[in-house]
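J.: I would like to see how this sequence folds:
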Amino acid sequence: MDATDLARKLQEEATCSICLDYFTDPVMTACGHNFCRECIQMSWEKARGKKSRRKQKGSFPCPECREVSPQRNLRPNRLLTKVAEMARQHPGLQKQDLCQVHQEPLKLFCLEEQRPICVVCREAREHRLHRVLPVEEAVQEYRLKLEEDMGYLREEIMKTEKLQAKEEQTLAEWQDRVKERRERLVVEFEKVAVFLVEEEHRLLQALKEEEEEIAVQLRDNKASLDQQGRSLDLLLLQLEDRSHREPLQMLQDMKDTLARKNSLCVQYSEVDLPKALKTVCRVPGQIEILRSFQEDIVLDASSAYPYLLFYESRQRHYLSPPTEGSTLRDKDRFVAYPCVVGQKSFSSGRHYWEVGVNLTGDALWALGVCREDVSRKDRVPKSPENGFWVVQLCKGKKHLSPMSGPTPVTLMEPPNYMGIFLDFEAGEVSFYSVNDGSHLHTYSQAAFPGPLQPFFCLGAPKSGQMVISTVTLWVKG
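T.: Here you go, the predicted structure:
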C-alpha cells in the first residue's frame, strides 16, 4: 500500500459518517460505531419526535447499523480524537472539493446538468451553452426548494394519518352497528321455537358476509393508506438527511432527488358506508306468534286532543267533542299535541296490537306506549326519560315541530302496518312491520316504572290517518 492509499485510509477512519467531516469529540455507541458527540445527539433528537412508534424509552437506533443503543452508553474515543487531529494536520489530507476531471475547486453549479462543476468545465464544450450559478447561490435556491418539498410531504403525511385514524374509527363504528344487529337477531330468534335455528344461522351468515364485504374494503383502504404513509415517511427522511449535508454533498444528484417527489402518486379515498344494513332481522312466523297476544285497543276519549276525529261504521265524530272552556281545562286531556291513549293500562304480561298508517305529504306521527302520568300540557321530547317509548313514522323531508325531540327513533320509510309488542316483565317494547314481519326497533330496560298505556300521536292536519282496531283516526284541518 503506497503513501496515497495510506493517507486516504487515514482520512476515512478519521471522518464522521454523519457530518462527513473529521471527528470532533468522537464517542462510541454500544454497537461499536463512532460519531461526533454533537452529530449523534442531533440525530437522536430528531428521532425523539417519532419515539412513540418505537416503544423503547431512552434508546435510539445507530445511524450505521440501526441497532438500538441506550443514549447514556456513549463512551469517549480518545484514540480516535488523536487520529482525527493527525488527519487535520496532514498536508496531503487538507479537505478540498475538487473536480474529478480537472482537479479544480468546484465553485459553479450547472442548472441543466444539476451538478457542481469547476471553472474549466464551464469553458468546456459540454457546459459552454449551459446556465450556471455560483455554488453559494445554488445552495440558497435549492435549499428553499427542498424546504418546500419537505413541507409538502409533511402536510401529506398529516392528511394520511388523519385518514388512517378516520378509517379505523369508521371500521369500529361499522362493526359496532353489525354487532348490535347481530345481538338483535339472536334475541328475536330466541323468542320462537327451536326449529327456527336453521333460519337464524342463514341470516347470521348473510350479515357476516355483509359485514365482511364492507370491512374488507375498509381494511384494504387502510392498508393502502398505511403503505402510502410509510412511503411518505421514507422520502421525507431522505430529504431531511440531504438537506442537512454539506452544500456540495447536498447538491449531488439533485435532479434525481427532486424527481422522487414529483413522481409521487398520493391518493385519498374513502369507503361509502351503506345507509342501512341489507340483512333484515326477520323471524318467519313471528307476527303470527305475536298475534296470540293481540289486544283490542279502545281509545280513551277523555285523554284525546280536542280536534281529533274518528270514523267508525262510516260515521265521522269527534273523539271527544271540543266544548267552550271546559275541554282545555280537563286535567287528563292532551293539549300540546294531537295525541290520545288507550283506555286499558298494562302492568304485567305480554300485549300486542297493530296500527294501520296512511301517510300523505310531509307527515310525522308517533306510536308506542307511555306512562299514565306523562305531561299532557307541555311539549316535551317523546323519550323514555319523559315516560314515552315510541317510534316516529316520517314521510317527506320536513319534520314538523311538535315532534322535533331528538330522542325518538324515526323511520324514514314507515310500513303500512305497524305491530307493537309490550313484554312488561322483560322490560321491552318492540316494533315490527306487519307487511313483511321484519323487526324495526326495541326499547329494552331492567323494568318499567309503572303501568303503561298504548300511545298514538298524529303530526298535523292533512297528514293522513291511523287505523286502530276498527277506528280510523285523523286530525281536523
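J.: Wait, Pro70 touches Cys31, no?
T.: No: counting by Cβ atoms under 8 Å, Pro70 does not reach Cys31; the two are 10.9 Å apart. Where C-beta positions appear, they are placed from N, C-alpha and C, glycine not excepted.
J.: Would you mind listing the residues in contact with Arg154?
T.: Arg154 sits next to Leu236 when contact means Cβ atoms under 8 Å, 6 or more residues apart in numbering.
J.: Quick check: pLDDT value at it.
T.: Predicted confidence (pLDDT) at Arg154: the value is 92.
J.: Show me what counts as buried in the host helix or strand of Thr410.
T.: For Thr410, the host element (DSSP states H and E) is strand 409-411. The neighbour-count check on strand 409-411 (16 or more other Cβ atoms under 10 Å) flags Leu411 as buried.
J.: Quick one: list the elements packing against it.
T.: strand 388-395, strand 439-444 (3 or more Cβ pairs under 8 Å, 6 or more residues apart in numbering; DSSP states H and E).
J.: Let me see the mean pLDDT of the first one.
T.: It refers to strand 388-395. Rounded mean pLDDT across strand 388-395 is 84.
J.: doesn't Lys9 make contact with His90?
T.: No: using Cβ under 8 Å, His90 is not in contact with Lys9, being 11.8 Å away.
J.: picking up where we left off before, what residues does the strand holding Thr410 touch?
T.: With contacts defined as Cβ under 8 Å, 6+ apart, strand 409-411 is touched by Val390, Val391, Gln392, Leu393, Cys394, His399, Leu440, His441.
J.: Just the buried residues of those residues.
T.: Val390, Val391, Gln392, Leu393, Cys394, Leu440, His441.
J.: separation between the second one and His441?
T.: In this structure, Val391 and His441 are separated by 6 Å, where distance is defined by Cβ to Cβ, to the nearest Å.
J.: Overlap in contacts, those two.
T.: Contact criterion Cβ under 8 Å, 6+ apart; residues shared by Val391 and His441: Val409, Phe431.
J.: Which parts of the stretch 101-250 of the chain are helices?
T.: Using DSSP state H, counting those that start in this stretch, the helices of the stretch 101-250 of the chain run over 119-123, 135-190, 197-243, 247-251.
J.: one step back: for Val197, which of the helices and strands packed on strand 409-411 is the nearest?
T.: Val197 lies closest to strand 439-444 among those, at 17.4 Å (Cβ to Cβ).
J.: which secondary element of the chain has the worst mean pLDDT?
T.: helix 326-329 (a mean of 47; mean pLDDT, DSSP states H and E).
J.: Neighbours of Leu218, how many?
T.: By the criterion of other Cβ atoms under 10 Å, Leu218 has 19 neighbours.
J.: Kindly report the same for Val298.
T.: Val298 has 14 neighbours, counted by other Cβ under 10 Å.
J.: residues contacting it?
T.: Val298 touches Gly342, Gln343, Lys344, Ser469, counting by Cβ under 8 Å, 6+ apart.
J.: Same question for Glu188.
T.: Going by Cβ under 8 Å, 6+ apart, the list of residues near Glu188 reads Cys281, Val283, Gln286, His439.
J.: The third one and Tyr432 touch, don't they?
T.: This means Gln286. Yes: using Cβ under 8 Å, Gln286 is in contact with Tyr432, at 7.4 Å.
J.: Neighbour count: those two, which is higher?
T.: Higher neighbour count among Gln286 and Tyr432: Tyr432, with 27 against 22, using other Cβ under 10 Å.
J.: quick one: secondary structure of that one?
T.: strand (DSSP: H, G, I helix; E, B strand; the rest coil).
J.: Which strands border the strand holding Thr410, and is each parallel or antiparallel?
T.: Take DSSP bridges as the rule and strand 409-411 pairs in its sheet with strand 388-395 (parallel).
J.: Would you mind listing the outside residues contacting the partner strand?
T.: Here strand 388-395 makes contact (Cβ under 8 Å, 6+ apart) with 357, 359-371, 374, 381-382, 403, 408-412, 414, 418, 429, 431, 440-441, 443, 452, 455, 457, 464.
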